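# From the sequence below, what's the structure:
(one chain, ligands or ions: 1)
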Amino acid sequence: MGVVIEVEGLVKRYGSVEALRGVSFSVLSGEVFGYLGPNGAGKTTTIRVLMGFSRPTSGSARVFGVELYNPGASGVRRRVGYVPGEFEFYGGVSGGRMLDYWCRLVGGCSRGVVRELLEAFPLPLERAVGTYSRGMKQMLALVMAFSHEPDLVVMDEPTTGLDPLARGRVLDFVRSKAREGVTVFFSSHVLSEVQRVADRVGLLRSGVLVALEDVSSLLRKSGKVVKARVSKNLSPDRLAVDGVRVIRSNGELELVVTSGKALESVLRMLLDAGLEDLEVRDATLEEVFMHFYERTSGPGGKG
Ligand SMILES: Nc1ncnc2c1ncn2[C@@H]1O[C@H](COP(=O)(O)OP(=O)(O)OP(=O)(O)O)[C@@H](O)[C@H]1O
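Have a look, this model is predicted:
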């Protein structure tokens, strides 16, 4: 599989703010890559550098082997679709004209592809974009990003402002495009969506990548969540053996258990303490995320 995105030792400073502090990762052809992190972690900064809107302080971010801020990169730029986190359209222009204008700008779109996109994301194309709701504008941005059949689509929080039905359609669409070989890089705060659609995730904290992993192996390594109710008193100190993290111990017990041996001793302790109710399940990406960030102090804070 070819490398589509290659980020190496990326540093970006804004005055005294170090938004990215040496980030490195790569994304392979056909992958769906979820880029996660709390507010201010540096996700948008990474995306802006990737798209060539902002130059790195040091390090590099290459897309199909080139840095997009280079004037000579326009050929590669045409292979990339982009959904920004914040956008403004010319309000007086209809959605249809906007789409036509866009297609001319990127050197043409296939009618069939645009039709398929508008079936997935129906829009009142005859209406002025200024009258569109937040979600409709988001859908127009998505249609535009995919309309010229790019090989890579970069999206900054693409489901913001969409209702659950539209979100589901976006996720299904992303997966279907990935099956066709399109590479997708997207940032998100909605972890259940990332879990559903991404092959791999990068977790960013204060400008540093703290995890880079297949979603399935990240979840496997993150262990089981055990919820239990016992009739006797069981102190959290006794439960906190190697491989066990006590999340909650008032009333219902909630633990994260990361080894088979630890699970065995936890179950034994629960049985001895008069087990009344038990649930054991895989950790969700949300729980993994909380574990990575729970000691983070405020937006972009250092954990
Ligand atoms: N143009 C700028 N000038 C100064 N500081 C900036 C600029 N852009 C971003 N920053 C700072 O860089 C850091 C990373 O911001 P960034 O927008 O990349 O975070 P993010 O992970 O996308 O956050 P969010 O989830 O809130 O969108 C923050 O401390 C932010 O204040």
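# how about the strands of the chain, start to end?
Assigned by DSSP state E, the chain shows strands spanning 3-14, 17-28, 32-36, 58-63, 80-83, 152-156, 183-188, 200-205, 208-214, 224-230, 244-248, 253-257, 275-282.
# Neighbours of residue 17, how many?
With neighbours defined by other Cβ atoms under 10 Å, the count for residue 17 comes to 12. In short, each C-beta sits where N, CA and C put it, glycine included.
# Any stretches of the chain with poor pLDDT?
1, 294-303 (pLDDT under 70).
# let's go with 80 and repeat that
Along the chain, segments meeting pLDDT under 80 span 1, 87-91, 221, 251, 290-303.
# Check the offset of the longest helix along it from the chain's centre.
If you go by DSSP state H, the chain has its longest helix at helix 164-179. Relative to the chain's own centre, helix 164-179 is displaced by 14 Å; criterion: Cα atoms, centre = their mean, to the nearest Å.
# That helix packs against which elements?
Here helix 164-179 touches strand 32-36, helix 134-147, strand 183-188, helix 191-197, going by 3 or more Cβ pairs under 8 Å, 6 or more residues apart in numbering; DSSP states H and E.
# Among the ones you listed, which comes closest to residue 204?
Distance to residue 204, taken as Cβ to Cβ, is lowest for strand 32-36 among the helices and strands packed on helix 164-179, at 6.8 Å.
# which of the residues in that closest one are buried?
32, 33, 34, 35, 36 (16 or more other Cβ atoms under 10 Å).
# Over to stretch 115-132?
In stretch 115-132, counting by 16+ other Cβ under 10 Å, buried: 116, 117, 118, 120, 121, 123, 125, 128, 129, 132.
# Let's have these in TSV, adding distance to the ligand.
Putting the buried residues of stretch 115-132 into TSV (distance: Cβ to the nearest ligand atom, whole Å) gives the following:
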residue	distance to the ligand
116	30
117	26
118	29
120	26
121	23
123	25
125	30
128	28
129	23
132	22
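# and which of these is nearest to residue 64?
Checking those against residue 64 with Cβ to Cβ, the nearest one is residue 117 at 22.7 Å.
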